[in-house]
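Chemist: could you work out the structure for the sequence below:
(one chain, ligands or ions: 1)
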Amino acid sequence: MKVPKSHPRYISLKTRDLIADGVEKGITSIHGLIAHGRGEAFDYLLGEKTTDAAKKSIEAAAAMLLLAKNPVISVNGNAAVLVPKELVKLSNLLNAPLEVNIFHQSKQREIKIKKHLEKHGARNVLLPDKKYKIKFLESNRKYVNPHGILKADVVFVPLEDGDRAEALIKNGKKVVTIDLNPLSRTAQKATITIVDNITRAMPLLIKKIQQYKKYDNKKSLKQSSKIIKSF
Ligand code: PTJ
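Modeler: Numbers count the residues shown, from 1 in each chain. Alright, predicted model coming up:
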């Protein structure tokens, strides 16, 4: 759809296009449209801005993901089309695999999501393996990859549906999520919840991780010594 940049709802309309296009390409589930509408409603109420509370959660999430031994980034059909470049960038920065994990079961869609991420530069995209599952979960999302979610200590699960966050926690993992609905089951159960639009939060999370990665203890010590020596 051709939307003039001057349109007051330009960003929102372009984002809708991404989701609609994702459905047409068979990457996003048709139910993803409903999930997106739900997100939009909360975003509207939040003022379509990253709040101070979300900024604090982004800082905590960046630290938790950087300190993780085996972080994994779980990707569904909505996240894949909304922020593919950012997911790949996060994966590279953390040296963490991307793992396709979808609620609405479809082998074909799993492969399409993997290919879509690879088209955006991903080198390590895992698919679920029916031989491995996490406990306390009945849905399709119980199937995991032994090199990814199964052995992960921290799982990043943006834009998630209900019960998996809880199950991951019960399986001894820490969960970081992005969810516009602070009342959702995922938001309530996750270890760290970033209540923001995934399209705004991902670039900020990446920036924060890059900033933390630059921290140099020697440099900090030198700066402190310099102050002491100046007396
Ligand atoms: O690809 P699949 O089969 O795994 O399906 C993915 C969806 C998202 C369709 C599935 O997980 C689902 O139905 O999710 P829910 O239960 O609708 O929950 C999605 C949550 O994400 C809701 O709490 C929404 O408010 C929130 N949400 C939607 N869009 C965004 C969002 N949060 C952040 N950024 C968004 N753009």
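Chemist: extract the C-alpha set from stretch 212-228 and format it as CSV.
Modeler: Presented in CSV, the C-alpha positions along stretch 212-228 are these (Å, rounded to 0.1, in the frame of the first residue of the first chain):
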residue,chain,number,x,y,z
TYR,A,212,27.6,-2.4,27.7
LYS,A,213,29.9,-4.4,25.6
LYS,A,214,32.2,-1.4,25.2
TYR,A,215,32.7,-1.3,29.0
ASP,A,216,36.4,-1.5,29.8
ASN,A,217,37.3,-2.1,33.4
LYS,A,218,41.0,-1.0,32.9
LYS,A,219,39.8,2.3,31.3
SER,A,220,37.5,2.9,34.3
LEU,A,221,40.4,2.2,36.8
LYS,A,222,42.7,4.5,34.8
GLN,A,223,40.1,7.3,35.0
SER,A,224,39.7,6.9,38.8
SER,A,225,43.5,6.8,39.3
LYS,A,226,43.9,9.9,37.2
ILE,A,227,41.5,11.8,39.6
ILE,A,228,43.5,10.6,42.7
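Chemist: quick check: mean pLDDT of it?
Modeler: Average pLDDT, stretch 212-228: 97.
Chemist: starting at the chain centroid, how far to it?
Modeler: Offset of stretch 212-228 from its chain centre (C-alpha atoms, centre = their mean, to the nearest Å): 32 Å.
Chemist: do the same with stretch 28-40
Modeler: 16 Å.
Chemist: residue 22 touches residue 83, doesn't it?
Modeler: No. Contact criterion C-beta atoms under 8 Å: residue 22 and residue 83 do not qualify, at 11.5 Å. The C-beta positions use only the backbone N, C-alpha and C, and glycine is treated the same way.
Chemist: ok, which stretches of the chain are strands?
Modeler: Along the chain, counting by DSSP state E, strands occupy 71-75, 98-100, 125-126, 129-133, 143-144, 154-156, 174-178, 192-194.
Chemist: closest to the ligand out of those?
Modeler: Closest approach to the ligand among the strands of the chain (C-beta to the nearest ligand atom): strand 174-178, 5.1 Å.
Chemist: whatever residue of the chain ends up closest to the ligand and residue 92: what is the separation?
Modeler: Here the chain gets closest to the ligand at one residue, residue 39, 2.4 Å apart by C-beta to the nearest ligand atom. Counting by C-beta to C-beta, to the nearest Å, the gap from residue 39 to residue 92 is 26 Å.
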